[in-house]
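Student: need a 3D model of the sequence below.
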Amino acid sequence: MTSAASPHLTGGLNTLVISGRVDADRAELTPRGELVHGCADILARTLSDLPPTVTRVDLDMGGVHFMDTAGLQFLDVLGDYARRRSLTVTVTVTNWNGQPRRILELAGLDTTDPLSGLGATDPLPGLGITGPDGTAPGTVPPAAPASSAVSMERAERLHILQEEVEQLRQAIVSRPVIDQARGILMATHGCTSDEAWHILREASQLSNTKLREVAAAVTASAESDGPPPSAELRTALQRALTRRRRV
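Tutor: Residues are numbered from 1 along each chain as shown. A predicted model of the protein is given here:
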């Protein structure tokens with residue numbers, strides 16, 4: 001059994017693919033790719049296709065290399081499935097690594113058992129999870145100051161998580177132009193790839209200019225009719241080049 005999600009918002013061609021097999025009463029699912037927009041829907045369809053005789057579902061997340069806040073919705077779907085069939089089905093989701101593991105940590109979830117942090121009485125704000133009394137996500141009764149503090153802490157963690165995901169998206173967008181600029185410096189000045197990276201980074205610091213903007217200026221200046229970098233940036237690049245030659 002294999003399910004695939006539609007292209008996602010990070011701009012790449014990868015998709016989320018959930019492959020798996022059913023052995024007697026156990027289902028082993030292996031998601032591969034990225035937990036982004038649409039991942040919760042593909043998981044829901046995968047779970048609905050499992051035979052009713054399944055009493056254990058194990059997800060190995062080692063093949064997932066990126067997730068944004070949609071990944072928490074992925075866990076919400078899995079947690080809801082586990083709660084609805086708690087008397088007949090055991091669900092595990094393990095082997096989180098790299099950036100997805102960091103997202104779970106920022107969200108305050110146990111990376112060895114993230115479903116334990118998604119109970120109905122302990123919602124993550126903004127994920128559409130409500131408690132048994134029907135309260136909206138992140139809201140708590142006035143007589144529960146301790147729960148209010150927990151909710152505020154979770155909201156802050158989610159805010160940090162969203163900022164980190166946005167930084168990762170910017171890095172994904174910036175990578176091609178930075179690689180092009182490194183290639184130009186390597187061809188022009190006979191430096192290595194690592195040296196070109198340090199030159200760009202040092203020029204960024206010396207000129208107080210974002211690394212992506214430094215790379216874009218270097219790339220544009222290499223075109224036949226491209227504009228040269230600004231005087232400040234040219235000076236910073238020259239200083240960075242001189243320092244690297246002295247090393």
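Student: can you give me the strands for this protein?
Tutor: Here the chain has its strands, by DSSP state E, at 2-4, 17-23, 26-35, 56-60, 63-67, 90-94.
Student: which of those strands has the lowest mean pLDDT?
Tutor: Note on those: strand 2-4 shows the lowest mean pLDDT, a mean of 56.
Student: redo the strands of the chain as JSON lines? Include distance to residue 216 and mean neighbour count.
Tutor: Just so you know, the C-beta spots here come from the backbone N, C-alpha and C atoms, and that holds for glycine as well. Converted to JSON lines, the strands of the chain look like this (distance: least, CB to CB, whole Å; neighbours: other CB atoms under 10 Å):
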{"stretch": "strand 2-4", "distance to residue 216": "34", "mean neighbour count": "14"}
{"stretch": "strand 17-23", "distance to residue 216": "34", "mean neighbour count": "15"}
{"stretch": "strand 26-35", "distance to residue 216": "26", "mean neighbour count": "21"}
{"stretch": "strand 56-60", "distance to residue 216": "40", "mean neighbour count": "19"}
{"stretch": "strand 63-67", "distance to residue 216": "24", "mean neighbour count": "21"}
{"stretch": "strand 90-94", "distance to residue 216": "40", "mean neighbour count": "16"}
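Student: tabulate those strands (a markdown table), appending distance to residue 102.
Tutor: Formatted as a markdown table, those follow (distance: least, CB to CB, whole Å):
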| stretch | distance to residue 102 |
| --- | --- |
| strand 2-4 | 25 |
| strand 17-23 | 22 |
| strand 26-35 | 13 |
| strand 56-60 | 18 |
| strand 63-67 | 9 |
| strand 90-94 | 16 |
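Student: look up how far residue 56 lies from the spatially most central residue of the chain.
Tutor: Most central in the chain under CA atoms, centre = their mean is residue 67, positioned 3.1 Å from the mean C-alpha point. To residue 56, residue 67 is 24 Å away according to CB to CB, to the nearest Å.
Student: now do residue 20
Tutor: From residue 20 over to residue 56 (counting by CB to CB), the distance is 12 Å.
Student: which neighbours do those two share?
Tutor: Here residue 20 and residue 56 share the contacting residues residue 27, scored by CB atoms under 8 Å, 6 or more residues apart in numbering.
Student: surely residue 220 and residue 214 touch.
Tutor: No: using CB atoms under 8 Å, residue 220 is not in contact with residue 214, being 11.0 Å away.
Student: looking at these two, which one has more neighbours?
Tutor: Neighbour totals were compared for residue 220 and residue 214, and residue 214 leads with 27 against 15 (other CB atoms under 10 Å).
Student: could you report the pLDDT at that one?
Tutor: Note on residue 214: pLDDT of 90.
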